[in-house]
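> with the sequence up front, the predicted model follows.
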Amino acid sequence: MILKALLKKRGYNVIEAENGVEAIQQFKEHAPDLIFMDVMMPVMDGYEAASEIKQLAGDQFVPIIFLTAMSDEESLARCVEVGGDDFLSKPYSFTVLSAKVKAMERIRTLHRDTRRLYS
């Protein structure tokens with residue numbers, strides 16, 4: 001997968017899942033800092049997996065960026081409704097993807113800092 005190679009080249013550890021059920025299991029085992037989720041996957045789609053991951057995360061901020069071939073407004077709105085924090089339509093630009101990753105890292109840091117202040 002091109003995305004995996006590009007992220008590894010940038011120094012990120014990458015864990016893959018073939019379907020939504022696997023994505024949930026990987027989340028439980030590895031507690032990733034960021035999730036890229038495809039909408040259309042076998043066994044369990046990305047919408048359902050994202051919703052369950054957000055429930056499992058509780059008050060922890062775990063950003064989910066949907067990668068989707070769909071570009072209709074309804075599909076993109078559903079990505080956000082189920083807990084997605086951003087989305088990128090395929091084919092995507094690695095420059096835009098990198099910017100979204102950096103933005104999610106900043107938001108995650110702010111969320112953690114805020115939680116520490118009020119703990």
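Happy to help now that I have it. Numbers count the residues shown, from 1 in each chain.
> nearest residue to Phe27 other than its sequence neighbours?
Using CB to CB, 6 or more residues apart in numbering and skipping the chain neighbours, the partner closest in space to Phe27 is Ile53 (5.1 Å). Glycine gets a C-beta too; all of them are placed from N, C-alpha and C.
> I'd say that neighbour and Pro32 touch.
No. Assessed by CB atoms under 8 Å, Ile53 is found out of contact with Pro32, at 9.5 Å.
> intersection of neighbour lists for the two?
In terms of CB atoms under 8 Å, 6 or more residues apart in numbering, Ile53 and Pro32 are both contacted by the residues Val62.
> quick one: which of the two has more around it?
Between Ile53 and Pro32, counted using other CB atoms under 10 Å, Ile53 has the larger neighbour count: 23 against 18.
> any idea how far Gln25 is from that one?
11 Å (CB to CB, to the nearest Å).
> where does the chain have low pLDDT?
Scanning the chain with the threshold set as pLDDT under 70 gives 1.
> which ones are touching Ala57?
Phe27.
> quick one, phi/psi of it?
Per-residue torsions, Ala57: phi -70, psi -20 (degrees, to the nearest 10).
> and the lengthiest helix in the chain, what does it pack onto?
When the chain is parsed with DSSP state H, its longest helix is helix 94-117. Under the contact criterion of 3 or more CB pairs under 8 Å, 6 or more residues apart in numbering; DSSP states H and E, the helices and strands touching helix 94-117 comprise helix 2-9, strand 64-68, strand 86-89.
> most tightly packed of the ones you listed?
strand 64-68 (a mean of 22; mean count of other CB atoms under 10 Å).
> for it, what is the distance to the chain centroid?
The chain centre lies 6 Å from the centre of strand 64-68; the measure is CA atoms, centre = their mean, to the nearest Å.
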